[in-house]
Structure formats: structure tokens, C-alpha cells
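In: Sequence below, structure please.
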Amino acid sequence: MTTGEASTSTSAEAGLSPFDQLLLLVGRMNYSWTNTESLLIHLIAGLAGTTKQSAVIIYLTLNTTRARLDLVERLAKSGGITDATRSRILAATAQIRKHQSLRNRYSHSIYSFDTETGTARTITMRIADRKNALKMGQSDAIDASALDRIRDTIEALKQLNREIWALVVEEGYPV
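Out: Residues are numbered from 1 along each chain as shown. Predicted structure coming up:
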């Protein structure tokens, strides 16, 4: 998506408040995320030389995105594939990691809505241990820039999904 396209709302978003746009976009982002992350199953199957069914069991046993990405990266680095394929897989996992923080921010937040001003904010449900204190409840405004970042992530995930599928098909990994 180009910068000019990022600020363009979809027809589904037209006329919605920024908060309602956020809810719609977070749903789309989570769908795109889950759909793309699930493609790791095919990479696991191909890299480990196993069936799709076994790869599903491995995928579901590893209950975090980080663990799944670590496994795919380690399998890719362990040999048995070309340098070009390894580079493509590592580039794909790097892209997933790049978008993970934004997805986590909106998926693991609560939302505060001010009925008087109409403004909405996210409040992160995360505790960060600091040297002598705790930091929690980081709050961010839901503004046009935040919505554009989510739209950009959705578009990036769509493109990444296509790239991973192409790799799976080209390499003949189990589908």
C-alpha cells in the first residue's frame, strides 16, 4: 500500500467513528494475522520433512507465535534447503515479527471511550518490570495515524501471505 492509499478508508469504514473503524480494522488485522501465521504449518511440514497433519500437531503444541517462528527459522538454518529458499523463509519470518508488536498492542488492549468528547484510547494490558518500579497501562490515542498503521499492517500481511503461499507451492511443501 502506498502512503496515499493508507489514508483512504474502505467502503466498510465510511461514515464510521474512529472507534468503530478501529474495531473493524482490529478484526481484519487479527483475521489476516491468523491466516498468515497458520501458513507456518506448511513451512514446518516442508522443512521437517513431515506430513501436514504432523505439522499441525507441532504448530498447535507450540502455543506462541515466537515459538513457531523460532522453530521455522531453526529448521531453515539447519540445512537441506537452498540458500535462496532459506533467505526467503527468513525474510518472511522477519516480516511476521515486524508486524507482531502492532498486532499485539491492539489485541491485548482494553479500550477507553469518552462519551463526552467522542475520543477513544487504547490501554495496554501489559506490565513491564523496571529496575525499581512497574510500568503498566500505557495509553495511546486512536487517531488517523493509528488507523493508517493498522491498514498498512493488514496490507503487508496480505502480501506476506501471498509470498509464503508462493514459496510453499514452489518448494512442493505439503498443502
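In: how would you label the closest residue in space to residue 77 that isn't next to it in sequence: helix, strand or coil?
Out: Closest residue in space to residue 77, ignoring its immediate chain neighbours: residue 86 at 6.9 Å, by Cβ to Cβ, 6 or more residues apart in numbering. Quick note: C-beta positions are derived from backbone N, CA and C, even for glycine. Under DSSP: H, G, I helix; E, B strand; the rest coil, the three-state class of residue 86 is helix.
In: Start the count at 525 instead of 1 going forward.
Out: Done: numbering now begins at 525, and the last item shifts to residue 610.
In: What count of nearby residues applies to residue 604?
Out: 12 (other Cβ atoms under 10 Å).
In: I'd like the distance from it to residue 650, if you could.
Out: 38 Å (Cβ to Cβ, to the nearest Å).
In: and what of residue 536?
Out: 30 Å.
In: likewise residue 586?
Out: Relative to residue 650, and taking Cβ to Cβ, residue 586 is found at 22 Å.
In: before we move on, what about residue 601?
Out: Taking Cβ to Cβ, one finds residue 601 at 30 Å from residue 650.
In: Got the phi and psi for the residue of the chain positioned farthest from its centre?
Out: Most distant from the centre of the chain: residue 640, at 33.3 Å, with distances by Cα atoms, centre = their mean. Backbone geometry at residue 640, expressed as degrees, to the nearest 10, gives phi -80, psi -40.
In: And the pLDDT for residue 534?
Out: On pLDDT, residue 534 comes in at 67.
In: Correction: the previous question concerned residue 686.
Out: Each residue has a pLDDT score; the one for residue 686 is 98.
In: Helix or strand for it, just tell me which one.
Out: Using DSSP states H and E, residue 686 falls within helix 668-695.
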